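> here are the coordinates; sequence isn't available:
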């Protein structure tokens, strides 16, 4: 808890003086007012985060947290649970969706085993930070202890800070874990006070019982564990997942170092809800990449209060949406630095 508490105490809000200067410059660029839409808001946010009018984010890294879930035992997924292990290996090799998209964005992919069932070879390229061999079955008991939940958050903080110390100045969050839309939806149901039936989707492939069975499993998990919606760590421990805690920790760690974080889709957004519930100022450092195709995706974004910049009908996960949105961060920086203002070209508007 010491690392979590100390990190939270370091988080500050945006540099409001720089926000004002950035807003003034954006509004004076040679274009119709607000014609660059969300790109203008992003440029202002990045200036406020960095404290620089012309920031540059040339060292990008996507941190992929991987873990399994005991709730798989309830038949909520059509995919073999072993896919988590295999896909984590493939992510580390750079041959999955996030690997390919990260290459196009000039980003590194950092793969972390925070709770995958099974152990990886030393040469797999996977960072070993396993807290336990998968979360518990939330339909019959808690996903983890409070201590393990805090460890998952602190693991994310430590990984983020290690990457920042190596030079990363823009992070993305990603995950791998068969069945993890189930705990994600449970968290959303609790924090948003939304019936599970309204926000449960098929995830990467729903089990033979269909979406209605999955929604009932989520409802049962909440009734069994009775998480306290006003205590995000309690919610994470009782109905969450290790990779969700890990991603939330990445966001907290990045915010403490004034580094922006690009969220992936649904599960990353749920992790953001945990992070922001723990420390509201984390929200200033978050950028939502794409609108997830999951039914709970829109509700999660609304609850977080950050609208995605892309609508691609994607639901891959892994951090793929973050990689796809990285060039938009570059574009926002370039319009600030390279577009002229009306006064600079001698026009009075």
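All right, it came through fine. The shown structure was predicted, so the numbers you read here are calculated from the model rather than taken from an experiment.
> which parts of stretch 29-48 are buried?
29, 36, 39, 40, 41, 42, 43, 44, 45, 46, 47, 48 (16 or more other C-beta atoms under 10 Å). C-beta here means a position set from N, CA and C on the backbone, and glycine is covered the same way.
> Counting only helices, which of those residues make the cut?
39, 40, 41, 42, 43, 44, 45, 46, 47, 48 (DSSP state H).
> Next up, the contacts around the last one.
Okay, so that is residue 48. 14, 15, 16, 18, 19, 22, 284 (C-beta atoms under 8 Å, 6 or more residues apart in numbering).
> For the residues you listed, pick the one with the most neighbours.
Greatest neighbour count in those, by other C-beta atoms under 10 Å, goes to residue 22: 25 neighbours.
> Doesn't that one lie inside a helix?
Yes. The assignment for residue 22 by DSSP: H, G, I helix; E, B strand; the rest coil puts it in a helix.
> was I right about it contacting residue 41?
No. In this structure, residue 22 is not within contact of residue 41 by C-beta atoms under 8 Å, at 10.2 Å.
> Next, find the distance separating residue 323 from residue 253.
20 Å (C-beta to C-beta, to the nearest Å).
> Looking at these two, which one has more neighbours?
Using other C-beta under 10 Å as the criterion, residue 323 and residue 253 rank with residue 253 on top: 32 against 28.
> Contacts only, for the more buried one.
Neighbours of residue 253 in contact, by C-beta under 8 Å, 6+ apart: 7, 156, 157, 158, 159, 160, 161, 164.
> From these, list the buried ones, please.
Applying 16+ other C-beta under 10 Å to the contacts of residue 253 flags 7, 156, 157, 158, 159, 160, 161, 164 as buried.
> ok, the contacts of residue 48 vs residue 275, which is closest?
Top of the list for closeness to residue 275, among the contacts of residue 48 and by C-beta to C-beta, is residue 284 at 11.6 Å.
> re earlier: can you add pLDDT and distance to residue 182 and give the buried ones among the contacts of residue 253 back as TSV?
Output for the buried ones among the contacts of residue 253, formatted as TSV (pLDDT from 0 to 100; distance: C-beta to C-beta, whole Å):
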residue	pLDDT	distance to residue 182
7	97	29
156	98	21
157	98	25
158	98	27
159	98	24
160	98	26
161	98	30
164	98	32
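> As TSV, those with secondary structure and distance to residue 232 would be great.
Shown next, in TSV, are those (DSSP: H, G, I helix; E, B strand; the rest coil; distance: C-beta to C-beta, whole Å):
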residue	secondary structure	distance to residue 232
7	helix	15
156	helix	14
157	helix	15
158	helix	19
159	helix	20
160	helix	18
161	helix	21
164	helix	23
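> so which of the residues you listed comes closest to residue 93?
For these, the nearest to residue 93 is residue 159 (19.1 Å; C-beta to C-beta).
> Wait, that closest one touches residue 127, no?
Yes. Between residue 159 and residue 127 there is a contact at 7.1 Å, judged by C-beta under 8 Å.
> Pick out the residue nearest the middle of this structure.
Centroid check for the chain by C-alpha atoms, centre = their mean gives residue 268 as the closest residue, at 3.0 Å.
> How far does stretch 65-85 sit from its chain's centre?
20 Å (C-alpha atoms, centre = their mean, to the nearest Å).
> Would you indicate which residues of it are buried?
Of the residues in stretch 65-85, those buried (16+ other C-beta under 10 Å) are 65-72, 74, 76-77, 79, 81, 83-85.
> ditto for stretch 221-234
For stretch 221-234, by 16+ other C-beta under 10 Å, it's 221, 222, 224, 225, 227, 232, 233, 234.
> That one: end-to-end distance?
14 Å (C-alpha to C-alpha, to the nearest Å).
> What mean pLDDT does that stretch get?
What stretch 221-234 shows for mean pLDDT is 98.
> Next: stretch 135-152.
The model assigns stretch 135-152 a mean pLDDT of 98.
> and the end-to-end length of it?
Termini of stretch 135-152 sit 11 Å apart (C-alpha to C-alpha).
> one step back: let's see which of the buried residues of stretch 221-234 end up in helices.
Short answer: the buried residues of stretch 221-234 in helices (DSSP H) are 221, 222, 224, 225, 232, 233, 234.
> For the fourth one, give me its contacts.
By C-beta under 8 Å, 6+ apart, residue 225 lies in contact with 138, 141, 142, 238, 239.
> tell me which of those is nearest to residue 345?
The closest of these, once distances to residue 345 are taken by C-beta to C-beta, is residue 239, at 56.4 Å.
> How much space separates that closest one from residue 134?
15 Å.
> out of those two, which sits in the more crowded spot?
Comparing residue 239 with residue 134 by other C-beta under 10 Å, the one with more neighbours is residue 239, at 29 against 26.
> Now do the contacts for the closest residue to the more buried one other than its chain neighbours.
Using C-beta to C-beta, 6 or more residues apart in numbering and skipping residues adjacent in sequence, the residue nearest residue 239 is residue 186, 3.9 Å away. Taking C-beta under 8 Å, 6+ apart, we find residue 186 in contact with 138, 196, 218, 221, 222, 239, 240.
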